[in-house]
Each structure stands twice: as structure tokens, then as C-alpha cells.
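Peer 1: Pasting the sequence and the predicted coordinates here, then a few questions.
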Amino acid sequence: MSTPEMRPNASEVYRRYLSAVMLHGQAGARAVDLGGTDLYALNILGLTGPMTPGELGARSGLTTGPTTRLIDRLEDAGYVRRIPVPGDRRKVMVELVDKPADLDEVLTPARRRIGEIIAGYSPEQREVLFDYFTRAADAYYAAADELRTQ
């Protein structure tokens with residue numbers, strides 16, 4: 001299968017985009033007194049719902065010790081809680097109970113700017129964008145799984 005013809009600086013443009021997204025995530029986390037991984041974990045729980053500490057660790061790329069400390073920090077801050085798994089007293093699930101109060105306010109400027117950009121596209125172009133976001137997220141999750149199993 002051949003690679004489609006791309007603009008000469010396509011990789012650079014995409015890497016710059018990813019870098020900006022990551023930088024904004026780090027800045028947003030700091031603005032609500034969290035670490036980047038803490039905010040990322042809250043996002044994971046918000047998207048997927050309760051999960052075991054092991055699942056949260058795998059999805060966030062952390063080993064057991066750092067995952068435990070992450071959950072402790074988020075629990076102490078009142079954002080998550082550990083709940084027992086029915087039928088198995090040894091297992092717990094981590095569930096989201098709150099989010100940083102100022103998080104929506106902190107993220108509003110970027111959301112507004114991105115919303116303005118997306119609004120500038122036709123409905124058909126927006127469908128392509130959201131198709132890309134969906135398929136690219138799945139591709140990145142699959143690639144991360146491959147890396148973890150190597």
C-alpha cells in the first residue's frame with residue numbers, strides 16, 4: 001500500500017499541533033493546581049467511567065506505584081473515590097466524583113477558539129474533521145497497546 005502524497009512539511013505541522021495540545025493540557029492542569037497526568041486521569045475517568053486502578057494505570061501509561069499515588073492525590077482532592085467491586089472484596093474501582101471547580105473556566109478560551117475554527121468549515125468538512133478525530137484516536141489507542149505489549 002502506498003502512502004498518499006502529503007505536503008512537504010506535513011509531519012512538522014502535525015507535530016506542532018500535537019505539541020500545542022499537550023502544552024495546553026499541561027497549562028490547564030497547572031491552572032487548577034493539578035499535574036498533567038492528574039488531569040489526564042480525570043479525563044480518562046470522565047470518558048470511560050469507573051475502572052480498576054490497574055486499568056487506569058494502563059490507560060494513563062503508569063506503573064502500579066505511580067498509579068496508586070495518582071489515585072491518592074485525586075482522592076485527597078475530592079475528585080475520585082475508591083469503591084469496592086461487588087462480589088470481590090479484594091478489588092476496588094476508581095470512580096470520578098467531581099472535577100476541579102475552575103476547569104471549565106480555564107478551558108473556555110481554547111474551546112472558544114477551536115469552536116471558531118471548526119465553525120469556519122462547511123458541514124461536510126466538519127464531518128471529515130470529526131471522522132478523522134474518531135479514527136485517529138482509535139489508531140493512537142491501538143498503537144499505544146502495541147507499544148505496551150512489546
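Peer 2: Received it, and whenever you're ready, just let me know what you need.
Peer 1: need the contact list for residue 29.
Peer 2: 35, 36, 38, 39, 40 (CB atoms under 8 Å, 6 or more residues apart in numbering). Any C-beta I mention is one placed from the backbone N, CA and C, and that applies to glycine too.
Peer 1: Going through the residues you listed, which ones are buried?
Peer 2: Taking 16 or more other CB atoms under 10 Å as the criterion, what is buried in those is 38, 39, 40.
Peer 1: report the longest strand in this structure, please.
Peer 2: Counting residues, the longest strand found in the chain (DSSP state E) is strand 88-96.
Peer 1: how about it: buried residues?
Peer 2: Residues of strand 88-96 classed as buried: 92, 93, 94, 96 (neighbour count, 16+ other CB under 10 Å).
Peer 1: quick one: the last one and residue 45 touch, right?
Peer 2: Right, the one you point to is residue 96. Yes: Residue 96 lies in contact with residue 45 (CB atoms under 8 Å); the separation is 4.1 Å.
Peer 1: what touches both of those two?
Peer 2: When CB under 8 Å, 6+ apart defines a contact, the residues bordering residue 96 and residue 45 alike are residue 80.
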